[in-house]
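Q: Dropping the sequence and predicted coords here.
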Amino acid sequence: AKDEKKNSHEKERLTCAHPYPDIKVRWSRFPLIRDWLAECKQCTGPVLISDYRDAFFQRNPFAMGEPAISGLQVFQEHRSITTDHWLVKWPVNDCKGVTFQ
């Protein structure tokens, strides 16, 4: 079972998604989502794309009275969250069997 999981992750790491032959599946979700939204005529409001495992909301970010959204807004984790941080080290080691120093 562990070998199957490892092979599954390796396949995902090496697989690209049509129509983006140079972008691996993991990252192709962003241009694919952009394409889907561009094709969707009734999709006219703000869109939030987030990794579900570590996103917590205390209230609706799109509710009335919240700041207006204009253009693309991109955020990343704090610079103290490195591959040496326990929040990264534990899941990467558990999932991929890789330890960073």
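A: Alright, I've got the coordinates. Numbering: from 1, shown residues only.
Q: Most distant residue from the centre of the chain?
A: residue 65 (27.3 Å; Cα atoms, centre = their mean).
Q: And the longest strand that the chain contains, what does it pack against?
A: Across the chain, the longest stretch assigned as strand under DSSP state E is strand 20-24. On a contact count with 3 or more Cβ pairs under 8 Å, 6 or more residues apart in numbering; DSSP states H and E, strand 20-24 meets helix 2-14, strand 16-17, helix 25-39. To be clear about C-beta, it is placed using only N, CA and C from the backbone, and glycine gets the same treatment.
Q: distance between that strand and the chain's centre?
A: Averaging C-alpha positions (Cα atoms, centre = their mean, to the nearest Å) puts strand 20-24 16 Å from its chain's average.
Q: show me where pLDDT drops low in this protein?
A: The chain contains residues with pLDDT under 70 at 1-6, 51-54, 72, 77, 81-83, 87-88, 96, 100-101.
Q: Which one, of the helices and strands packed on strand 20-24, ends up nearest to residue 93?
A: For residue 93, the closest of these is helix 2-14, at 12.9 Å, according to Cβ to Cβ.
Q: Count the residues that sit near residue 17.
A: 15 (other Cβ atoms under 10 Å).
Q: now swap in the one 5 residues further on and tell me
A: Residue 22 is surrounded by 6 other residues when neighbours are defined as other Cβ under 10 Å.
Q: close enough to count as contact, it and residue 16?
A: Yes - counting by Cβ atoms under 8 Å, residue 16 is a contact partner of residue 22 at 6.8 Å.
Q: related to what we said a few turns ago, report the strands that pair with the longest strand of the chain, each with its relative direction.
A: strand 16-17 (antiparallel) (DSSP bridges).
Q: could I get the helices and strands packed on strand 20-24 as JSON lines with distance to residue 47?
A: Converted to JSON lines, these look like this (distance: least, Cβ to Cβ, whole Å):
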{"stretch": "helix 2-14", "distance to residue 47": "24"}
{"stretch": "strand 16-17", "distance to residue 47": "19"}
{"stretch": "helix 25-39", "distance to residue 47": "6"}
